[in-house]
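Q: Please work out how this folds:
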Amino acid sequence: MTYVQYPYATLVSLGRNLTTLSDKLESDQRGAVDCGGLADDHGDIQNAISDFRGEWKTSLLELTNNIGTWGEISAAIGKMVSDFDTQTAAALRPKEA
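A: The predicted structure follows:
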């Protein structure tokens, strides 16, 4: 007989940690602003910074969404396996006469 152990507590913890990371990444990007102090003839630099920030914001948003999704999935799998183990153990427990 083969026994398999699933670290459901670890999966739930990982899920919470990934969700927290996603939330932190999302909140940290809100501080992005234009680069101040550039002279009028440095408009190309300002435009390049603005373009980069726009692309980065899109990439970061996708990353945070994916991290959050994986966190939710991991936590759900951990809870599902834990519930299954509990229900299976209860079903296999000998009944008292």
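
Q: pLDDT weak spots in the protein?
A: The chain contains residues with pLDDT under 70 at 1, 28-38, 97.

Q: Helices of that one, residue ranges please.
A: 8-28, 43-92 (DSSP state H).

Q: now for those, which one comes closest to residue 2?
A: Nearest to residue 2 among these is helix 43-92 (15.1 Å), distances taken as Cβ to Cβ. In short, each C-beta sits where N, CA and C put it, glycine included.

Q: Give the other helices and strands that that closest one contacts.
A: If you count contacts as 3 or more Cβ pairs under 8 Å, 6 or more residues apart in numbering; DSSP states H and E, helix 43-92 packs onto helix 8-28.

Q: Buried residues, the helix it packs on. List them.
A: 8, 11, 12, 14, 15, 18, 19, 21, 22, 26 (16 or more other Cβ atoms under 10 Å).

Q: and which of these is nearest residue 73?
A: For these, the closest approach to residue 73 (Cβ to Cβ) belongs to residue 15, at 7.3 Å.

Q: Surely that closest one and residue 72 touch.
A: Yes - contact criterion Cβ atoms under 8 Å: residue 15 and residue 72 qualify, at 6.5 Å.

Q: how close does the nearest residue to residue 75 once chain neighbours are set aside sit to residue 57?
A: Spatial nearest neighbour of residue 75, excluding adjacent residues (Cβ to Cβ, 6 or more residues apart in numbering): residue 15 at 2.7 Å. Distance of residue 15 to residue 57, computed by Cβ to Cβ, to the nearest Å: 25 Å.

Q: most tightly surrounded among the helices of the chain?
A: Of all the helices of the chain, helix 8-28 has the most neighbours on average by mean count of other Cβ atoms under 10 Å, namely a mean of 15.

Q: Tell me which other helices or strands it touches.
A: With contacts taken as 3+ Cβ pairs under 8 Å, 6+ apart, helix 8-28 sits against helix 43-92.
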